[in-house]
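Novice: Fold the stuff below for me.
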Amino acid sequence: MQRLRLWLIVAALGILAGCATQNVSHAPGADLGTMKTFYVQKFPADQRGIELLFVKQLNAWGYMATAGTADKPTAPVDAIITYQDRWAWDITMYMIRLNIQVRDGKSGDIMASAESMRPSLERLDPPEMVKEVLQAALKRPK
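Specialist: From the prediction side, this is the model:
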């Protein structure tokens, strides 16, 4: 009986530890549907080119997107995307967390944010993680 109870507790913890989570928030009154141009500010610690994945996905959806290391783009844009990626090791390196902020291109105010956390058993490739958080932040259908 004692072993059965222990086995059930371990199984329950294993199931709970493998859950992907997603958090999304939008500023009241933020009109994300009017945005057409984006600038993705490269996260200084990023050595994997994640900013280019954002640009590629946004362009694939028909937006105009560029990326760079400067705080502000050289030309006016509707929105600036900032992000933080976090990586973990489990046989191979994988992106465990990605969070973004969509900021107004003029004021810099945060209009939306999204975060995806995917432990090892729920992991996605970086392009899929980028797509997932962008869909949530920009309210795009899946």
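
Novice: got any ranges where this protein has weak pLDDT?
Specialist: Across the chain, the stretches falling below the confidence threshold (pLDDT under 70) are 1-18, 20, 22-24.

Novice: Go again with 80.
Specialist: For the chain, applying pLDDT under 80 flags the ranges 1-25, 120-123, 141-142.

Novice: Against residue 43, how distant is residue 119?
Specialist: Applying CB to CB, to the nearest Å, the value for residue 119 to residue 43 is 21 Å. All C-beta spots, glycine's among them, are computed from the backbone N, C-alpha and C.

Novice: now swap in residue 142 and tell me
Specialist: Distance from residue 142 to residue 43, counting by CB to CB: 25 Å.

Novice: quick one, which of the two is more surrounded?
Specialist: Neighbours per residue (other CB atoms under 10 Å) separate residue 142 from residue 43, with residue 43 holding more: 16 against 6.

Novice: That one against residue 51, yeah?
Specialist: Yes. Taking CB atoms under 8 Å as the definition, residue 43 is a contact partner of residue 51 at 7.2 Å.

Novice: Name the residues contacting each of those two.
Specialist: Taking CB atoms under 8 Å, 6 or more residues apart in numbering as the contact rule, the neighbours common to residue 43 and residue 51 are residue 83.
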